[in-house]
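A.B. asks: Need coordinates for the below:
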Amino acid sequence: MSRHNKSKRRRRVKSTAPQVPPRPPRRIDERPQRLNAPWHPFPLVELCVLAGIVCIVLGLFRTEDQGGRILLTLGLVLGSLGGLDTSMREHFAGYRSHTLVLAAFPAVATAALSAFAGLWLVAVVPLMLAVFALAFLALKRLWRRKTGVPA
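C.D. replies: This next block holds a predicted model:
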């Protein structure tokens, strides 16, 4: 036999305060209509990413020749542009902050162009970091202005 007698439990006192009706759940994942691209019904970004994936796969099968490296590079660029498009539209509309991704784009582009131009690696890295820092600060300031968050 248990030592607690279940029939002698105290009952909770009912509150006389009015109950607040439950709020409808907020849907955070729903994107506002203003984020749709100008070419909205046409799946341009998805086709760009698909073409990038195909180019990457074809480039991986032809690694020995120059055409395979070009296909691989083209695939990486197309896939990156597909993600960059969505990131830019969401960031500039004030929907989600993509500051790091968007700041990395000009930094990587600067590093690639300066490396192809023949700049020494000792100069490429500080230049890339400076471009990244400037872009990060500018994009963060823009994001705060769009969302109304104080600095």
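A.B. asks: make it CA atoms for all contacts and neighbour counts henceforth
C.D. replies: Noted.
A.B. asks: what's downstream of the least confident helix or strand in the chain by mean pLDDT, the next helix or strand?
C.D. replies: Lowest by mean pLDDT, DSSP states H and E among the helices and strands of the chain is helix 66-92, with a mean of 92. Downstream of helix 66-92, the next assigned helix or strand under DSSP states H and E is helix 99-116.
A.B. asks: The following helix or strand past that next one packs against which elements?
C.D. replies: Using DSSP H and E, the helix or strand that directly follows helix 99-116 along the chain is helix 121-147. Counting contacts by 3 or more C-alpha pairs under 8 Å, 6 or more residues apart in numbering; DSSP states H and E, helix 121-147 is packed against helix 66-92, helix 99-116.
A.B. asks: other SSEs contacting the shortest one?
C.D. replies: It stands for helix 99-116. Checking 3+ C-alpha pairs under 8 Å, 6+ apart, helix 99-116 ends up next to helix 66-92, helix 121-147.
A.B. asks: Just the buried residues of it, please?
C.D. replies: By neighbour count on 16 or more other C-alpha atoms under 10 Å, the buried set for helix 99-116 is 99, 102, 103, 104, 105, 106, 107, 108, 110, 111, 114.
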